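Novice: this one's structure only:
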Ligand SMILES: *Cc1c(COP(=O)(O)O)cnc(C)c1O
């Protein structure tokens, strides 16, 4: 198999093995790690269509993580995609109203982040062993709600690791907050910050970039790593479910040989849709990549105009995991459409830091033809939840609804009737209040867990374990700091 190395999107310094890139998370120059090339699938769709999720995942990951042995990688996969998921299929497809919903929410925290974060701890600890790392690994993560919990669930009590999660105070749903502050595990730490997600993310990036702190950490036997979607160890596992979905639809006769499949992805940090783009570049017959935004529609504007401009009001919506103005993973796409030009990419990213915006060239814009961007307003998001429920009985969450609504706009605009997979990124039980309010405002009188029971009744779905667990769980974390207090609390947790 061809060896794949990883390099930064911002310079030509150093080519790392997969395990080294996974350990580092972010390159020293602030860039993201990208594979030197996107490998091609070396099995046929016929073969894939007979495989389990775990087997498909192996076929994808072996092409990227080429310094892992077969045994190491299979071990990671089997530890990740096991009974933690409430279905053997891991990522089942539901056919609803003319589209296929790829349900990525059957893991431990009932959101799609579980797809990658259930495997990342194993990739990371395996990488540490392979590279003779003796330090304890400290995972530092900013979350808009779902990443934090999914990362903690993945890392809780994993030997040789600690995890510290920052979330925007008031910027996550009540259920998300309860999920986080009740997190078990002696190696888990949760902190609310007086700021929004972008500030949390910038704060984490600043701590990562602090060389003095890194030195101090090393002396104390610690080193940072990232569980954010910038880690290549998160991106690659996400490629697998697009391959799996295609193979599954093919096996069921819903797709003919080589027939194209469109995908719609509710997008925030651009990790999930970038995984679909990688899948397409691996040779999977994907047609359009439909990028769905909520009212924080930076990406929609970007695809339309070629200008990325984060200078705008930050809007809190009912799809908080997509309330993002800086889509970090977009950098990997920018690098690629710049012709793998680190200098050009760095120039644009510097402009993003200093002016909050950048403009791509016409040649780069031409490379974006595979993408279609649109967005859904809050009213449209609620509307599609209600409409779909009334028509089919299927209840979707608010993030998935942003995608469903955007898909309707896409079809109305283009008339494209290709088979379409909508990435369904969260269980409706995670955003119960917004979902139930969309169906009928009368539900707003009910308490959070009454709503859960009511949703179970009207949607005819069992309450997921993830929700049952937090009903009566005790609060274990109670920390609130200013944005400029983030570093201090990290040191406090590590007794530095
Ligand atoms: C994180 C998240 C998203 C956005 O995914 P990105 O990879 O950041 O674009 C969408 N929906 C839900 C429920 C999420 O948790």
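Specialist: Cool, got the structure. These numbers were taken from a predicted model, which means no experiment stands behind them.
Novice: For stretch 229-249, what does the pLDDT average out to?
Specialist: The pLDDT scores in stretch 229-249 average 96.
Novice: and the end-to-end length of stretch 111-122?
Specialist: 19 Å (Cα to Cα, to the nearest Å).
Novice: Check the offset of it from the chain's centre.
Specialist: 9 Å (Cα atoms, centre = their mean, to the nearest Å).
Novice: residues contacting residue 79?
Specialist: 119, 122 (Cβ atoms under 8 Å, 6 or more residues apart in numbering). Where you see a C-beta, it was placed from the backbone N, CA and C, and this is true even at glycine.
Novice: hmm, 7 Å instead?
Specialist: Listed by Cβ atoms under 7 Å, 6 or more residues apart in numbering, the contact partners of residue 79 are residue 122.
Novice: Could you do residue 71 as well?
Specialist: Residue 71 neighbours (Cβ under 7 Å, 6+ apart): none.
Novice: How confident was the prediction at it?
Specialist: 98.
Novice: Is it correct that it falls within a helix?
Specialist: Yes - residue state for residue 71 (DSSP: H, G, I helix; E, B strand; the rest coil) corresponds to a helix.
Novice: where's it relative to residue 77, distance?
Specialist: 11 Å (Cβ to Cβ, to the nearest Å).
Novice: what about residue 102, how many neighbours?
Specialist: 26 (other Cβ atoms under 10 Å).
Novice: and it, that one's in a strand?
Specialist: Yes - counting by three-state DSSP, residue 102 falls inside a strand.
Novice: Quick check: bridge partners of it?
Specialist: Taking DSSP bridges as the rule, residue 102 bridges to residue 93, residue 423.
Novice: shouldn't it be in contact with residue 419?
Specialist: No - using Cβ atoms under 7 Å, residue 102 makes no contact with residue 419, being 12.0 Å away.
Novice: is the one helix or strand residue 166 maps to anywhere near the ligand?
Specialist: Using DSSP states H and E, residue 166 maps to strand 161-168. No - counting by Cβ under 6 Å from any ligand atom, the ligand is not contacted by strand 161-168; separation bottoms out at 12.4 Å.
Novice: Can you tell me the strand partners of that strand and which way each runs?
Specialist: strand 136-142 (parallel), strand 188-193 (parallel).
Novice: mind giving me JSON lines with those strands and columns for distance to residue 364, mean neighbour count and mean pLDDT?
Specialist: Listed next are the strands paired with strand 161-168 as JSON lines, based on distance: least, Cβ to Cβ, whole Å; neighbours: other Cβ atoms under 10 Å; pLDDT from 0 to 100:
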{"stretch": "strand 136-142", "distance to residue 364": "28", "mean neighbour count": "23", "mean pLDDT": "93"}
{"stretch": "strand 188-193", "distance to residue 364": "35", "mean neighbour count": "23", "mean pLDDT": "97"}
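Novice: between those strands, which gets nearest to residue 254?
Specialist: Among those, the nearest to residue 254 by Cβ to Cβ is strand 136-142 (37.0 Å).
Novice: tell me how far that closest one is from the chain's mean position?
Specialist: With Cα atoms, centre = their mean, you get 17 Å for strand 136-142.
Novice: again with stretch 373-388
Specialist: 21 Å.
Novice: List the buried residues for the helix or strand containing residue 198?
Specialist: Secondary structure from DSSP H and E places residue 198 in helix 197-209. For helix 197-209, burial by neighbour count (16 or more other Cβ atoms under 10 Å) applies to 197, 198, 199, 200, 201, 202, 203, 204, 205, 207, 208.
Novice: which residues touch it?
Specialist: Contacts of helix 197-209 (Cβ under 7 Å, 6+ apart): 26, 30, 140-142, 144, 166-168, 171, 193, 213, 224, 226, 323-326, 483, 486-487, 490.
Novice: ok, now with 6 Å
Specialist: 26, 140, 142, 144, 166, 168, 193, 224, 325-326, 483, 486-487 (Cβ atoms under 6 Å, 6 or more residues apart in numbering).
Novice: what's the angle from that helix to strand 188-193?
Specialist: Per axes from the mean of the first three to the mean of the last three Cα atoms, to 10 degrees, the angle that helix 197-209 makes with strand 188-193 is 130 degrees.
Novice: Need the strands paired with strand 161-168 in JSON lines (columns: distance to residue 316).
Specialist: Converted to JSON lines, the strands paired with strand 161-168 look like this (distance: least, Cβ to Cβ, whole Å):
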{"stretch": "strand 136-142", "distance to residue 316": "16"}
{"stretch": "strand 188-193", "distance to residue 316": "15"}
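Novice: I'd like to know which of these lies nearest to residue 411.
Specialist: Here strand 136-142 is closest among these (Cβ to Cβ), at 35.0 Å.
Novice: Contacts (any at all) between the ligand and the closest one?
Specialist: No - remark: strand 136-142 sits outside contact range of the ligand, by Cβ under 6 Å from any ligand atom, the gap being at least 11.7 Å.
Novice: Need the contact partners of that strand.
Specialist: Contacts for strand 136-142 (Cβ under 6 Å, 6+ apart): 148, 151, 155, 160-166, 200-201, 204, 221-222, 224-225, 227-228.
Novice: just the buried members of these?
Specialist: Buried, going by 16+ other Cβ under 10 Å: 148, 151, 155, 161-166, 200-201, 204, 222, 224-225, 227-228, out of the contacts of strand 136-142.
Novice: other SSEs contacting the helix or strand where residue 438 lies?
Specialist: Assigned by DSSP H and E, residue 438 belongs to helix 432-439. Secondary-structure packing of helix 432-439 (3 or more Cβ pairs under 6 Å, 6 or more residues apart in numbering; DSSP states H and E): helix 378-392, helix 448-459.
Novice: what do you get if the cut-off is 10 Å, keeping everything else the same?
Specialist: helix 174-181, helix 378-392, helix 398-414, helix 448-459 (3 or more Cβ pairs under 10 Å, 6 or more residues apart in numbering; DSSP states H and E).
Novice: is the ligand contacted by the helix ranked longest in the chain?
Specialist: Longest helix in the chain, counting residues (DSSP state H): helix 232-251. No - if you take Cβ under 6 Å from any ligand atom as the test, helix 232-251 misses the ligand, and the best it gets is 7.7 Å.
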